[in-house]
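**Student:** Sequence and computational prediction follow.
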Amino acid sequence: MKAVAVIPHKSGSVHLAALAKPNVEDIPNGRGVLVKVLRVGVDGTDKEINAAEYGEAPPGESFLVLGHESFGRVEAVGPGVTELRPGDHVVATVRRPGTSLYDRIGLSDMTTDDVYYERGINLRHGFLTEHYVDDADFIVKVPRMLKEVGVLLEPLTVVEKGLHQAFEIQRRMRIWRPRKAAVLGAGTIGLLATLALRLRGLQVTTFAKYPKPDLNSDLIESLGAGYIATEVRPLLEAAKGDGPYDIVFEATGYSPIVFESMRILGKNGVLVLASVTGGDRMVQVPADKINLEFVLGNKVMVGTVNANRGHFEMGVADMAQAEAEYPGWLKRLLTHPVRGLENYADLFRHLTSGQGVIKVFCEVAEL
Ligand code: BGC
Ligand code: ZN
């Protein structure tokens, strides 16, 4: 089978590799699920792996197959699988368990191990290939009515986990009724965070760099959320009238904005940080002010990465609700399809082409 792979530690090494087709029997205890890959999304993570910023091959192998945002159809299941059958549409989770206590209770997204295993990212092959096999524990069923947009589930789970963390933490309040939220960033994650917060009935303002109108601002406004371009109105200034916010979801990929986000958060509020920032940027901040406001306002800041099976299930429910409340909205995020694994170079070309690009994905096979 064809696969899109990189040679770890070698920048720009993305290439077409050959893999043996896997079997249901490759997974112990009869729990194997063989999936035909239909679509795979790519994002900044894939770009950074191809730039050799991180990413390791599975032990003993020289390349790493990319792709962690999958969507596929079950072809065969082992005798121990009762929850899935051939023909079902599915998405696989990304991280596989390590050894910590959290890994052992199904929360590998909360691992305390230094080494983590992520399909398409670290030490495990990804899904940019024709078939994969995995344990049914890591495969989530997606209703047929969502097949067109199912490739957006994995990115949505990043949002689901972040919001779930926020609500779990806020149980400290006994009763918490968030009304206003700010989302920072209007890329795929910022858009999906705006959607998830609107589905939960919050008033949302999304802050992004570019002035409207563009596709991103249209998408935000069609959810009934506000859109503010920070090039036109800087965050702190805009938030003076519009804020403060009960929830702030940071998804810009630009770390200095974290310290400004801390200042637009309301009393008892929660700030969710979801940007993976690989650089070593330095900034000066008004430390006394930020600290004082956080202390006197009982505020919380939480980092969030990856997602477990539960978050994938929450994502499926939100996608179904989104199709009911905002029909056709999710599909508009699928801006850049690339047909066929052999055209992998186009995936990377679109990823770097800037404005107008929301989700770049490979159509590996017909839906
Ligand atoms: C993926 C996550 C992963 C993270 C860090 C993201 O792009 O969506 O599942 O945990 O990268 O590797
Ligand atoms: Zn991703």
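**Tutor:** Cool, got the structure. Ligands and ions are numbered 1, 2, ... in the order given.

**Student:** how long is stretch 226-242 from one end to the other?
**Tutor:** 10 Å (C-alpha to C-alpha, to the nearest Å).

**Student:** what's the neighbour count on Arg104?
**Tutor:** Close neighbours of Arg104, defined as other C-beta atoms under 10 Å, add up to 11. Using the backbone N, CA and C atoms, a C-beta is placed for each residue, glycine as well.

**Student:** ah, wrong one, I meant Arg172
**Tutor:** 11.

**Student:** gap between the residue of the stretch 101-250 of the chain found nearest ligand 2 and Ala166?
**Tutor:** Closest to ligand 2 within the stretch 101-250 of the chain is Pro155: 5.8 Å, counting by C-beta to the ion. Distance, Pro155 to Ala166, by C-beta to C-beta, to the nearest Å: 18 Å.

**Student:** and this protein, which of its residues are near ligand 1?
**Tutor:** Residues of the chain lying near ligand 1 by C-beta under 6 Å from any ligand atom: Asp43, Thr45, His68, Val94, Glu118, Ile121, Glu154, Val158, Val276, Val305, Asn306.

**Student:** Among the residues you listed, name the buried ones.
**Tutor:** Asp43, Thr45, His68, Val94, Glu118, Ile121, Glu154, Val158, Val305, Asn306 (16 or more other C-beta atoms under 10 Å).

**Student:** Now render these as JSON lines, adding pLDDT, distance to Ala225 and secondary structure.
**Tutor:** Shown next, in JSON lines, are these (pLDDT from 0 to 100; distance: C-beta to C-beta, whole Å; DSSP: H, G, I helix; E, B strand; the rest coil):
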{"residue": "Asp43", "pLDDT": "97", "distance to Ala225": "22", "secondary structure": "coil"}
{"residue": "Thr45", "pLDDT": "96", "distance to Ala225": "26", "secondary structure": "helix"}
{"residue": "His68", "pLDDT": "98", "distance to Ala225": "27", "secondary structure": "coil"}
{"residue": "Val94", "pLDDT": "98", "distance to Ala225": "28", "secondary structure": "coil"}
{"residue": "Glu118", "pLDDT": "98", "distance to Ala225": "31", "secondary structure": "strand"}
{"residue": "Ile121", "pLDDT": "98", "distance to Ala225": "30", "secondary structure": "coil"}
{"residue": "Glu154", "pLDDT": "98", "distance to Ala225": "23", "secondary structure": "helix"}
{"residue": "Val158", "pLDDT": "98", "distance to Ala225": "18", "secondary structure": "helix"}
{"residue": "Val305", "pLDDT": "97", "distance to Ala225": "25", "secondary structure": "coil"}
{"residue": "Asn306", "pLDDT": "98", "distance to Ala225": "26", "secondary structure": "coil"}
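
**Student:** which of the residues you listed lies closest to Val74?
**Tutor:** Using C-beta to C-beta, Glu154 comes nearest to Val74 of these, at 17.2 Å.

**Student:** Identify the residue nearest the closest residue to ligand 1 within the stretch 201-350 of the chain in space, chain neighbours excluded?
**Tutor:** Closest to ligand 1 within the stretch 201-350 of the chain is Asn306: 3.3 Å, counting by C-beta to the nearest ligand atom. In this structure, Asn306 finds its nearest non-sequential neighbour in Asp109, 4.0 Å apart by C-beta to C-beta, 6 or more residues apart in numbering.

**Student:** Report the contact partners of that neighbour.
**Tutor:** Taking C-beta atoms under 8 Å, 6 or more residues apart in numbering, we find Asp109 in contact with Arg95, Lys161, Val305, Asn306, Ala307, Asn308, His311.

**Student:** so the residue of the stretch 101-250 of the chain closest to ligand 2 touches Leu191, yeah?
**Tutor:** No: Pro155 is beyond contact range of Leu191, at 9.3 Å (criterion: C-beta atoms under 8 Å).

**Student:** Which one of the two is surrounded by more residues?
**Tutor:** Using other C-beta under 10 Å as the criterion, Pro155 and Leu191 rank with Leu191 on top: 31 against 21.

**Student:** In terms of residue numbering, what are the domains of this protein?
**Tutor:** 2-149+334-363, 157-303 (automatic domain parsing).

**Student:** can you list the ones you listed in CSV and add distance to Ala320?
**Tutor:** Supplementary listing: the domains of the chain in CSV, determined by distance: least, C-beta to C-beta, whole Å:
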stretch, distance to Ala320
domain 2-149+334-363, 7
domain 157-303, 10
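
**Student:** any idea how far Gln284 is from the residue of the stretch 201-350 of the chain closest to ligand 1?
**Tutor:** Separation of Asn306 from Gln284 (C-beta to C-beta): 32 Å.
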